[in-house]
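> Let's see this in three dimensions:
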Amino acid sequence: MWAVTNDTHTTLGNTITHFHNPDADGNGWGDEISFVNFPVGVNTSSAFEPPNPRWSEVDLVEGLNEHVLVMQNGVLDRIVPYSTWAFDTSPTVWTNAASMTAMPEVGDDGLGRLHIVHGGTTYEVHPINWDSVILGNGPVSWTGNGSWTDDSNWSLLGVPGPESVVTINNNFTSSIAKAVVEDDLTVGSISLLGSSGPMVLKVTERAMLTVTGGITVGPGAILKGEGAIVGDINVPGGIMAPGHSPGVLAITGDYTQGAAATLEIEVTGTSVGEAGYDQLSVSGTASLDGTLDIQTDGSFIPGVGAAVGVIGDSFAIVSAGSVTGAFASINGRHVGDGKFYLPQYHATQVTLGAFQAAPGDTDGDRDVDLSDYNRLATNFDPVGFLGPYWWQDGNFDGYGDVDLADYNALASNFSPAGYGAAAVPEPAAALLALLGMLVLLGRVRF
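Below you'll find the model as predicted:
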C-alpha cells in the first residue's frame, strides 16, 4: 500500500500522493502524506514512512466509499485519507482472517460492507460501527446476557446470519440469562435451553424474528415477548410466555406444546394485549398438551355470570388457524371466593370463561360430586385448628374452617351431573346422609 523506493510519486505543494488502483481517468483513492519544503511538480522515487508504523506492511487492504480499510495481524483500521489520516480501530481482532473484500453496494445506508473470511466463516462487517453478521450456515452459540446484536454475546465474532444454526443455552450461570431481539432478523434455526440456569429469549414489540428451520424450546428455557416470530415453534419442555405484562406474541407457523412444557398466561384485564391479558396468536395449528399456568393480577377480579355456573368475562388466550389437543393440567383456575376460569376448546380458539362456582364445587368443574365431598371430608375441621382453609379445601362461607355449614352447602347443591340438573335422586341423598355421619364420627378435629 505504501510507497517504496523506485515507485514514482508526484509532489503537490508540501504533500506527496501515491494513487492506488486509479480508474481509466487516472483518478482513485490516494495515500497522501504531508512533507515540509518539498518542491512542487518534482518526480521522486524516494521512500517515505506511513503515518502509522502499523501500516508499513499490511496483510489486507481495501478501499470502501472514501475510506481505506487496512488489516495487519488481525487489527483492522478504518482510515480517512486526503486529510489528517485519522483512523478508527475495530474492537474485533481478526487474527486468522484469510481475505477481506469491499462490498460498496451492500447495506441500505450507502456505507457498504466488508466481507471478511475468518476461520472458514464469512462475516459481513459494518465499516463504521463495526457490527458484524455471520453469513452462511455455520453453528453459533450464545455466551452472554443482553442484546442479540452485541457481537460479544456470541461464541464467534459476529451475530448469527440468515442461515446460521443457533444454540442459545445458559450453561454458564445459575442466574437468569437473556437474549433480547429488538430488530427484524433472520436465522436458520434456534435451539433454546437452560442447562445451568433459566435462559430467556425475548422478542420485543415491533421486532420480527424469522427462523426458517423453526425454534425448539427445551428444559430450563423461556420464549417470551410481544413481537412476531415467523417459523414453527416446538416446545417439548420449558416455558412459552407471550406478552410483556401482558401482550400478544404472534407466530406465523405452527405451535406444538409437549407434555413437559408450560404456557404462561397473565391476566390483568378484559382486553387482549397490553393492559388486558396475554394471547398466543398462531397462524397455523396449535397442538396443545402439558400445563397451562394462569397468573391473575391480585388487583383484578374477572366478571362472572348472573347465576352460578354461568360464564361472564371470556378471555381468548390462544388464537390459531386450528386447535388440537388440550392442556393436561391447569394452574391458577381459582381466582378467589369460588370464582373460577373454565377452559373451553374451540376450533380456532382456547378461551377462559369466568364463573361463580356453586358452594360445594371445590374444583370448579361445574358439578358437585363425590370428589368434592372427599376433599371436604379430608379437611373437615369445625374449629379451624389446622387452617386456614380456602374454597378448594371445602370452606365455602369464608369463616376459616370446614364445618357442618360447609357440608350442608355441599349437600344442598349435590349434583354430579352438573348445575341445573334434576333434583338429586333418593339413593344419592341417602349416600350423602351416611357420608355425613362418617364425617361427624371420624373426621372431627379439636
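> Pro236 is in contact with Gly218, correct?
Yes - Gly218 is in contact with Pro236 according to Cβ atoms under 8 Å; the separation is 6.5 Å. In this view, the C-beta of every residue, glycine as well, is placed from N, C-alpha and C.
> Tell me which of those two has more neighbours.
Gly218 (20 against 16; other Cβ atoms under 10 Å).
> Tell me how far that one lies from Ile168.
10 Å (Cβ to Cβ, to the nearest Å).
> which residues do the two both contact?
Listed as contacting both Gly218 and Ile168 by Cβ atoms under 8 Å, 6 or more residues apart in numbering are Ser191, Leu192, Leu193.
> Of these - the most surrounded one?
Leu192 (25 neighbours).
> list the contacts for that residue?
So Leu192 contacts Ile168, Asn169, Met199, Leu201, Ile215, Thr216, Val217, Gly218, Ala221, Leu223, Gly238 (Cβ under 8 Å, 6+ apart).
> and if you look at Gln295?
Gln295 is in contact with Glu264, Ile265, Glu266, Val267, Gly332, counting by Cβ under 8 Å, 6+ apart.
> Which strand or helix spans the second one?
I take that to be Ile265. strand 255-267 (DSSP states H and E).
> that older thread, so which of the contacts of Leu192 are in strands?
Mapping those onto strands (DSSP state E) picks out Ile168, Asn169, Met199, Leu201, Ile215, Thr216, Val217, Ala221, Leu223, Gly238.
> would a markdown table of these with distance to Asp131, neighbour count and pLDDT be doable?
Shown next, in a markdown table, are those (distance: Cβ to Cβ, whole Å; neighbours: other Cβ atoms under 10 Å; pLDDT from 0 to 100):
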| residue | distance to Asp131 | neighbour count | pLDDT |
| --- | --- | --- | --- |
| Ile168 | 19 | 27 | 97 |
| Asn169 | 23 | 19 | 96 |
| Met199 | 23 | 29 | 97 |
| Leu201 | 20 | 24 | 98 |
| Ile215 | 23 | 24 | 98 |
| Thr216 | 27 | 21 | 98 |
| Val217 | 27 | 27 | 98 |
| Ala221 | 26 | 26 | 98 |
| Leu223 | 25 | 26 | 98 |
| Gly238 | 30 | 25 | 96 |
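> of those, closest to Ser314?
Leu223 (25.8 Å; Cβ to Cβ).
> hey, where'd the helices end up in the protein?
Using DSSP state H, the helices found in the chain span residues 370-378, 404-412, 426-442.
> what pairs with the residue nearest the centre of the chain across the strands?
When Cα atoms, centre = their mean is applied to the chain, the residue found nearest the centroid is Lys202 (2.4 Å). As for beta bridges, Lys202 partners with Val180, Lys224 under DSSP bridges.
> can you check Ala97 too?
His118.
> Could you do the one 5 residues further on as well?
Judged by DSSP bridges, the bridge partners of Ala102 are Leu114.
> isn't it right up against Leu114?
Yes - when contacts are counted by Cβ under 8 Å, Ala102 is listed as touching Leu114 (6.3 Å).
> joint contacts of the two?
Contacts common to Ala102 and Leu114, judged by Cβ under 8 Å, 6+ apart, are Glu62, Leu64, Leu69.
> follow-up on the earlier one: need the max-distance pair from the contacts of Gln295.
Greatest spacing in the contacts of Gln295, by Cβ to Cβ: Glu264 and Val267 (10.9 Å).
> Could you name every residue contacting both of these two?
Shared contacts of Glu264 and Val267, counting by Cβ under 8 Å, 6+ apart, come down to Asp278, Gln295.
> so where's this protein uncertain?
Scanning the chain for pLDDT under 70 picks out the ranges 1-52, 56, 81-85, 420-446.
> if we go to 50?
Low-confidence segments of the chain, defined by pLDDT under 50: 1-48, 421-426, 430, 434, 437, 440-441, 443-446.
> ok, Gly136 to Pro160 distance?
For Gly136 relative to Pro160 (Cβ to Cβ), the value is 10 Å.
> likewise Tyr373?
Distance from Tyr373 to Pro160, counting by Cβ to Cβ: 58 Å.
> Those two: which is more packed in?
Taking neighbours as other Cβ under 10 Å, Tyr373 and Pro160 compare with Pro160 leading, 28 against 22.
> can I get the CA coordinates of stretch 368-386 in PDB?
This file holds the C-alpha atoms of stretch 368-386, laid out as PDB (Å, rounded to 0.1, in the frame of the first residue of the first chain):
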ATOM      1  CA  VAL A 368     -70.800 -31.100  42.900                       C
ATOM      2  CA  ASP A 369     -69.900 -34.800  43.200                       C
ATOM      3  CA  LEU A 370     -68.100 -37.300  45.400                       C
ATOM      4  CA  SER A 371     -64.700 -35.800  44.500                       C
ATOM      5  CA  ASP A 372     -65.800 -32.600  46.100                       C
ATOM      6  CA  TYR A 373     -67.200 -34.400  49.100                       C
ATOM      7  CA  ASN A 374     -63.900 -36.300  49.600                       C
ATOM      8  CA  ARG A 375     -62.000 -33.100  49.600                       C
ATOM      9  CA  LEU A 376     -64.300 -31.500  52.200                       C
ATOM     10  CA  ALA A 377     -64.200 -34.700  54.300                       C
ATOM     11  CA  THR A 378     -60.400 -34.700  54.200                       C
ATOM     12  CA  ASN A 379     -60.200 -31.200  55.500                       C
ATOM     13  CA  PHE A 380     -63.200 -31.400  58.000                       C
ATOM     14  CA  ASP A 381     -62.100 -29.200  60.900                       C
ATOM     15  CA  PRO A 382     -65.000 -27.400  62.600                       C
ATOM     16  CA  VAL A 383     -62.800 -25.200  64.800                       C
ATOM     17  CA  GLY A 384     -60.200 -24.400  62.000                       C
ATOM     18  CA  PHE A 385     -57.400 -25.700  64.200                       C
ATOM     19  CA  LEU A 386     -55.400 -26.800  61.100                       C
END
